[in-house]
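Peer 1: need coordinates for the below:
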Amino acid sequence: MAHTNPAGTNNRDLIEHLMRQTSMTSAMAENIVSEVLAYYRETPESFVRRRHLELRQQGLSNSAIYTAIKQELDLRVFATEPHSERQIRRIIYG
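Peer 2: I've put the predicted structure just below:
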């Protein structure tokens, strides 16, 4: 069974590498690769919306949320320019 991501890159080599380097089964390695790829596929907009909801559920104010998201965005690997707090608000509220 071929394991590919949507871009068509074969992940079998990575899965087999993880299996050789760890005690992971094929299913475990496949799951890890899938989770890592999903993590890196998340768009900045999806990340902002998700984190806004998570931080609101923790009871943070919007001001604190915007600051936290801005700092977190700076640490994430995205193919994007830095976001201002205004841009973050626009992603959330349109």
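
Peer 1: per-residue pLDDT, the residue nearest in space to the middle of the chain?
Peer 2: For the chain, the residue whose C-alpha lies nearest the mean C-alpha position (CA atoms, centre = their mean) is residue 39; its distance is 3.1 Å. For residue 39, the model assigns a pLDDT of 86.

Peer 1: mind listing what it touches?
Peer 2: For residue 39, the contact set (CB atoms under 8 Å, 6 or more residues apart in numbering) is empty. Glycine gets a C-beta too; all of them are placed from N, C-alpha and C.

Peer 1: that one in helix, strand or coil?
Peer 2: helix (DSSP: H, G, I helix; E, B strand; the rest coil).

Peer 1: how much space separates it from residue 46?
Peer 2: 11 Å (CB to CB, to the nearest Å).

Peer 1: one more: residue 28?
Peer 2: 26 Å.

Peer 1: the two: which has the busier surroundings?
Peer 2: Using other CB atoms under 10 Å as the criterion, residue 28 and residue 46 rank with residue 28 on top: 14 against 11.

Peer 1: quick check: that one is in a strand.
Peer 2: No: read with three-state DSSP, residue 28 is helix and lies in no strand.

Peer 1: which one is residue 78 nearest to, not counting chain neighbours?
Peer 2: In this structure, residue 78 finds its nearest non-sequential neighbour in residue 44, 4.9 Å apart by CB to CB, 6 or more residues apart in numbering.
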